[in-house]
Structure formats: C-alpha cells, structure tokens
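Enquirer: Sequence first, then the predicted structure:
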Amino acid sequence: MMTAPLVKKNRRILVIDDNSAIQADFRKILGEPEAADAELDAFEAKLFGAKESEWFEIDAASQGEEGLAKVQRSIANGTPYAIAFVDVRMPPGWDGIETSRRIWEVDPYLQIVICTAYSDYSWDQMQEQINPGDRLLILKKPFDAIEVQQLANALTEKWRLAGEARMLLGDLERVVQQRTSALQQEMEERLKLEEIFRSQASLLDKARDAILVRDMDNRITYWNKSAEILYGWTAAEVIGRQSTEILRGEPTRFQEATAAVLRNGEWTGELGQHAKDGRDVLVESRWTLVRDSEGHARAVMSINTDIMEKKRMESHFLRSQRIESIGTLAGGIAHDLNNVLLPIILSIDLLRLSIKDAGQLNILASIESSARRGANMVQQVLSFARGVDGERHPLNPKGVVEDIRSFVQEAFPKNIEFYPQVQEDLPGFMGDATQVHQVLLNLFLNARDAMPDGGRLTLKVYGTQVGEMGMWAGTRIKGGAYIVFEITDTGTGISEAVQEKIFDPFFTTKDLGKGTGLGLSTVMAIVKSHDGFITVYSKPGNGTSFQVHFPSKTTGDSAPVQAPANTMPRGNGEIILLVDDEESVRFITQQTLQAYGYRVLSASDGSEAIAHYAEHGREVALVLTDMMMPVMDGPATIQVLKRMNPKVKIIAASGYTTDAEKVKAMGVNLYLHKPYTAMTVLSALTQVLKE
C-alpha cells in the first residue's frame, strides 16, 4: 500500500536571465508542449486515463531584482518556486551570486542552479559569499536538453523530500518533547523509557545530528545512524556499554556537564571526543535530562553536532587575518623607515663632494653602511609580510659561509661546536644575500635552542642533482642542479607530528615569550621566492638536519656584481618636477639633483604638482613622484598628469610598493625603490630622459 507524500510535488520553476532567447529555451525544454502536442496528450488521456504531468510551470525574469520580486510574491501567495535557474552575468543589475544571496534571504529552501559559460567564481569564493550548502548547482552553457530535464526532475523531487525532512524534523522535535513530558508523567520503569525511544528510531535516524541516550548508570541505550557515521561505532557495538568508554573524551568536562544537567535539567556546550579509529571529534552537545512521572531522573539524551570543520575554518580565517594585519603593519613601517633612511643615504653622497679628509670619509662610510643595513632589515620584514623578492645577485657559497661564520662563533655559547664544511669549486647561485643570511641565521638559532646543554652544529655546503620531486609549499620542485646548505644539530630532535606544522605561521614549540612562530615561516617564504625547497630529517633525541636547496647558477657562476662607476651621471639644466610629502626627502633629493646639473620644481603633494605642471608643463622634462601621499597619492597624480600630457615622462618611487610591473602599467617610465642612492636616481634620470 503506497503512502501519500507529506509534501506535494512542486513543478514551479523561475528562470532569471537577461537573454530572452535563453528564457525561451527553458520554456521549450521544461514548459507545456505546443498545441499539437497538447491535443495528442488529451487524446491519450481519454484512451488510457490521465497521467501525471511531466511538464513544469515556467516563470521568467530578466534581472535579479525582478526575480527577487517574483520570489517574494510567490511566498506571499503560498505558491513558492522549487527551482531557480539563474544566469551568472546579468548587466547592469545584480550578478547571479548576488541574486542568489538575496533570494535565499527570502526563500532559504529554493534550489538554485547557476548558469554560466565561464568560471566567474571558484567554488571556494561562492562558499565565502553565499554559503550555498547543498542548495546550489553549477550548469555550464551551452545546455543539453536532457541534462536540464533530468536536473529539473531531480531538484524538484529534492525540494519535496527536503520539505518532508523538515516536517519530519519538526515532528521529531515535537515527539521528543511529548515523550519527555510523557516520561515525566507516566514512566515508572526504565524498560518503558527504552521502548519509547526505540519506537521512534526511524524518525531519529533521519536527523543529521548524532543522537544518543544513556541511563543514569551511564550505559548507552540508544544510538542513531548519524552517531554511527560520526563516531564509527555501530549501535550493536555500543548498546549497554559505558559512554565514557566509547567516546573517550574529556573526563573533567564530562563530569561538569553531568552535574549541570542533573542540577538544571539541561546542558549545552562543546565537547572533545574520540571516534572508533582514534581521530579527534569536536561536537556542540545539547543534553536533556529525562524524568519519569514521579520526577525521578531516568536518562540523559544527547544531541551532538559535528563542528570540527567549522572550527578549522574559523582557525584558518583568524590566522589569515593575523598574517594580513602583520603584513599591513610591516608595509606601513617599511614605507616610513625607507623615507627616514633615504635622506641619510643621499646626504652621504653629497657630503663626499666636499669632504676630502680620510678620517671623515671613513665616518661617512660607517654611516652609509649602517643606513644600508637598516634598508636591508626593512627588506627582511617585507620578505615575510609581503613576500618581497629582494635583489638577486650571483652569490658565492663559500663567501656566504664566511659572512656568517663570525656571527656563529661570536654569538653562540662556547659549549656548541661549529663545523663548517664547503665543497671546493662549487658554482654560484642567484640570490639576495641578506635574505640568504636570514635563512641560515634562523636555522642556526633554532639549532642553538635545541641544544641547551651544548652540542655539535655542522654546516655542509655541496652541489647536487635533483630530479622531479613533486610539490613543496604549493610549488612544483624543478629538476636540475642545486646548491645545498645542510644544517645539522645534535639536539632534542622533532617528532613527526611537529614536523608537519613547523612551517606554519605562529606555530612554535618554545615557551611563551621565547618564540614568535614566524622564523621558519619566513625561511619558507624566502626559499620559495628563490625557487628553492627545504627537506627535514629528524627523530626525537637524535638531532635535526635541514637541507636548504637553492638552484645553482650554471653560467658565469660566481661573477661578482659590477661596482658602479665613480663618475655620477649629470644633467644639462633639465627641469625635474619633484613630488614627495616628506619634507626631508624633498630637500635632500632636490639638493642632490641640483648638485648634478638639474633644476628642480618641488611639490609636497599631488595637487601642488598638478598646479606646477599646469604652469610649467612645457618646461618640465620629467616628473619624479612618490607613490604614497595623503590627499592625492601617486597613482592619482600620474593619472591626471597623463591626461594633461600623455607623453609626460614619469619615474615613480616608493618605500612600500614592490610590484614594479604593476606601477609601469600606469604609464610610468621607471620604478625606483626607496631608499635610493644618488647613483641610482641620477642613472634613472639619465636613462628616462634619453628614451
């Protein structure tokens, strides 16, 4: 005997597409047949009896706003749509994603099919923007008629079944409340309580949450299908056994929850538990105390919702926010520091023109060295915060080791023995010396901390050939020749579980205040930016070995970087429009340019620069502008200057912006990174003026 469905079939479909031809296609595929077909259907009905309609009631809208209005009317009239086919692109109004989000605010049960010919959004982006759950499907254009029919049939049936499920869940809640009330009024024996719960098993098994019941001796008396899925134990395996034996959670937390439910009749909170296979399970648990008619406590019913994935997503989101905040902060600090360092560096070049005393020149050299170290430190901060690539030069492995040897010997305790070993005749490799030093220093410091009682620290540098090795840090490892820096200690070692996390930002095994958790994250970012990779070998108690691989330079292996010529390029009286909001930067840059044959118009912001150019535009040979300024910044200034004169020559400078190609796309001739030297800025002017 067939049972009538709890929810009637709903064959109402809404098509939201700005293309009327697409709307017509849906009507042809899913709507009522043409008149000739309708007459044939009517004749068949007379001969064989009426059959259930296979067609759909199609409604259409050309924009998301119109579609939303139709959904609102359908809800108000009690005739909701089962499915909406929504085009992803509908200019000039809302796109498909925005339309879906607004529709679900009105009708959260509507099944939506996004129709698209392009990958406008990734699935992850859709998850972030509209949280589709299981209500969204993607249909690629062009459509196949059979595919659309099958999809429509399946989704309308899903809509009906989902409605039934909601009704059943509503019934379930009412049934549980009724049974609890009945237990408080009528139940006198545990056997009757168990029988009532078992009689409702078919309903409880349809719930998505794990539902279990245990008696006052903590023995499990009921275990639904969702509990079997969540924990991996079948009902037959757990009935009659202690719940603490099965779930093996947090004993203290469990005892506190039990006391609370006995005291208050209910308890809600998070519980850490374990599945049959040992994996961790985190649930939001809702406990209800069940009493008999005399008010005696007979059982505790628990409804557990798995929130592991939710917690992982929250953790990932918070970690991403922390990294983004650090990046923003570091970028702002870098901009300010570079503006502080630039006048110092340019002043040194100017002072050298008038100072001939050897002692004073040595002082200038010392100041210059410190300023450049400061600039390099800024680059180190940005290498973590913004993934700055740094400046690549050919590096000699032996020279790198010599640079760092003195630091280790002076800074490390005497009970740590340092043994550097460098293979002879190694080729060079391309890298940023400061960043390579930072990688090695981070690994050395970790090795030192792993040997609190002293030990042996070995640095081996050698060449090797590497084949294709799959992925590392999201990047495919290329085969070829590599230079390997192998750092080995005799310290405490690292467990396999910890090895999986050591490169994660903010992960640290050190005591509070002794580690930031950013050291190895920075190491990974730098090595990855050099197209290298890292391997780790370690066992607890047996020390640790890191192998840092940099691609070797196969031609001109160790060629030194050519030093700039002593003669600075000079101008011939050209007028340079200098734009910078930092007064000290403007002053010293103007002094430098004037000292080498240029005339300078100075502006403290974009609006002043525009005014100068409007008055002296025909005389200005080139504009040198900062990118980050208040009120009217560099990009806005460049845009206005280009409208005034599309051929204007512009050099952009910044202590923050690092994407030179992106800056050039604005129509800039050259990009300078602050702090620049006199040689750098004068060479840049000469180069652009000759173009």
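Expert: Sure thing, it's come through.
Enquirer: what residues are up against residue 254?
Expert: Listed by C-beta atoms under 8 Å, 6 or more residues apart in numbering, the contact set of residue 254 reads 244, 271. Where C-beta positions appear, they are placed from N, C-alpha and C, glycine not excepted.
Enquirer: Then residue 467?
Expert: Residue 467 touches residue 479, counting by C-beta under 8 Å, 6+ apart.
Enquirer: what does residue 596 give?
Expert: For residue 596, the contacting residues are 568, 569, 570, 571, 678, 682, by C-beta under 8 Å, 6+ apart.
Enquirer: Which ones among these lie within helices?
Expert: In helices, defined here by DSSP state H, the members of the contacts of residue 596 are 678, 682.
Enquirer: Mind telling me the two of the contacts of residue 596 farthest from one another?
Expert: Spatially, the most separated pair among the contacts of residue 596 is 571 and 678, at 12.4 Å (C-beta to C-beta).
Enquirer: Of those two, which one has the most company?
Expert: Comparing residue 571 with residue 678 by neighbour count (other C-beta atoms under 10 Å), the higher total belongs to residue 678, at 23 against 19.
Enquirer: Surely that one is in contact with residue 350?
Expert: Yes. Residue 678 lies in contact with residue 350 (C-beta atoms under 8 Å); the separation is 7.3 Å.
Enquirer: Now list whatever residues contact both of the two.
Expert: residue 592.
Enquirer: Tell me how many other residues surround residue 397.
Expert: 24.
Enquirer: Correction: the previous question concerned residue 686.
Expert: Residue 686: 14 neighbours (other C-beta under 10 Å).
Enquirer: Give the closest residue to it in space, chain neighbours not counted.
Expert: Closest residue to residue 686 apart from its sequence neighbours, by C-beta to C-beta, 6 or more residues apart in numbering: residue 569 at 4.2 Å.
Enquirer: What is the neighbour count of that neighbour?
Expert: 17.
Enquirer: and what of residue 308?
Expert: Counted with other C-beta under 10 Å, residues neighbouring residue 308 total 14.
Enquirer: that older thread, is it possible to export the contacts of residue 596 to TSV including pLDDT and distance to residue 481?
Expert: Below are the contacts of residue 596 laid out as TSV (pLDDT from 0 to 100; distance: C-beta to C-beta, whole Å):
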residue	pLDDT	distance to residue 481
568	84	40
569	90	38
570	91	44
571	92	45
678	89	39
682	94	39
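Enquirer: can you put the contacts of residue 596 in TSV and add distance to residue 444?
Expert: Shown next, in TSV, are these (distance: C-beta to C-beta, whole Å):
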residue	distance to residue 444
568	40
569	42
570	46
571	47
678	36
682	39
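Enquirer: just to revisit the earlier point, backbone torsions only: list them for the residue nearest to residue 686.
Expert: Per-residue torsions, residue 569: phi -60, psi 150 (degrees, to the nearest 10).
Enquirer: so it touches residue 684, yeah?
Expert: No. Using C-beta under 8 Å, residue 569 is not in contact with residue 684; the gap is 9.2 Å.
Enquirer: got a list of what the residue nearest to residue 686 touches?
Expert: 596, 679, 682, 683, 685, 686.
Enquirer: Would you mind checking which of the residues you listed is nearest to residue 654?
Expert: Ranked by distance to residue 654 (C-beta to C-beta), those are led by residue 685 at 17.0 Å.
Enquirer: Would you check that the closest one makes contact with residue 600?
Expert: No. Counting by C-beta under 8 Å, residue 685 does not reach residue 600; the two are 11.1 Å apart.
Enquirer: anything in contact with each of the two?
Expert: Jointly contacting residue 685 and residue 600 under the rule C-beta under 8 Å, 6+ apart are 576, 593.
Enquirer: Those two - which one has more neighbours?
Expert: Per other C-beta under 10 Å, whichever of residue 685 and residue 600 has more neighbours is residue 685, with 26 against 17.
Enquirer: can you tell me which residues contact that one?
Expert: Residues in contact with residue 685 (C-beta under 8 Å, 6+ apart) are 569, 571, 574, 576, 593, 598, 622, 624, 651.
Enquirer: In strands only, show me the residues you listed.
Expert: With DSSP state E as the criterion, strands contain 576, 622, 624, 651 from among the contacts of residue 685.
Enquirer: In CSV, list the residues you listed along with pLDDT, neighbour count and distance to residue 261.
Expert: Shown next, in CSV, are the ones in strands among the contacts of residue 685 (pLDDT from 0 to 100; neighbours: other C-beta atoms under 10 Å; distance: C-beta to C-beta, whole Å):
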residue, pLDDT, neighbour count, distance to residue 261
576, 95, 24, 78
622, 96, 22, 78
624, 96, 24, 73
651, 94, 21, 72
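Enquirer: Going by distance to residue 612, which of these wins?
Expert: The closest of the ones in strands among the contacts of residue 685, once distances to residue 612 are taken by C-beta to C-beta, is residue 576, at 11.1 Å.
Enquirer: Is the closest one bridged to anything, and to what?
Expert: With DSSP bridges as the criterion, residue 576 is bridged to residue 600, residue 622.
Enquirer: And for residue 113?
Expert: Judged by DSSP bridges, the bridge partners of residue 113 are residue 85, residue 137.
Enquirer: That one: neighbour count?
Expert: Look at residue 113: counted by other C-beta under 10 Å, it has 21 neighbours.
Enquirer: what do you get for residue 502?
Expert: Residue 502 has 22 neighbours, counted by other C-beta under 10 Å.
Enquirer: Checking it next. Helix, strand or coil?
Expert: For residue 502, the assignment made with DSSP: H, G, I helix; E, B strand; the rest coil gives coil.
Enquirer: do you know how far it is from residue 229?
Expert: Distance of residue 502 to residue 229, computed by C-beta to C-beta, to the nearest Å: 34 Å.
Enquirer: quick one: residue 363 and residue 355, what's the gap?
Expert: To residue 355, residue 363 is 9 Å away according to C-beta to C-beta.
Enquirer: again, but for residue 71
Expert: From residue 71 across to residue 355, the span is 79 Å (C-beta to C-beta).
Enquirer: What does the closest residue to residue 143 other than its chain neighbours show for phi and psi?
Expert: Nearest non-adjacent residue to residue 143, counting by C-beta to C-beta, 6+ apart: residue 25, 7.0 Å away. Main-chain torsions, residue 25, degrees, to the nearest 10: phi -60, psi -40.
Enquirer: And for residue 122?
Expert: Per-residue torsions, residue 122: phi -80, psi 160 (degrees, to the nearest 10).
Enquirer: same deal with residue 19?
Expert: Main-chain torsions, residue 19, degrees, to the nearest 10: phi -100, psi 110.
Enquirer: Below-threshold pLDDT in the stretch 151-300 of the chain: ranges please.
Expert: Applying pLDDT under 70 to the stretch 151-300 of the chain picks out residues 185-206.
Enquirer: Going along the chain, name the helices of it.
Expert: When secondary structure is read from DSSP state H, counting those that start in this stretch, the stretch 151-300 of the chain shows helices at 190-199, 201-204, 225-231, 235-238, 243-247, 251-264.
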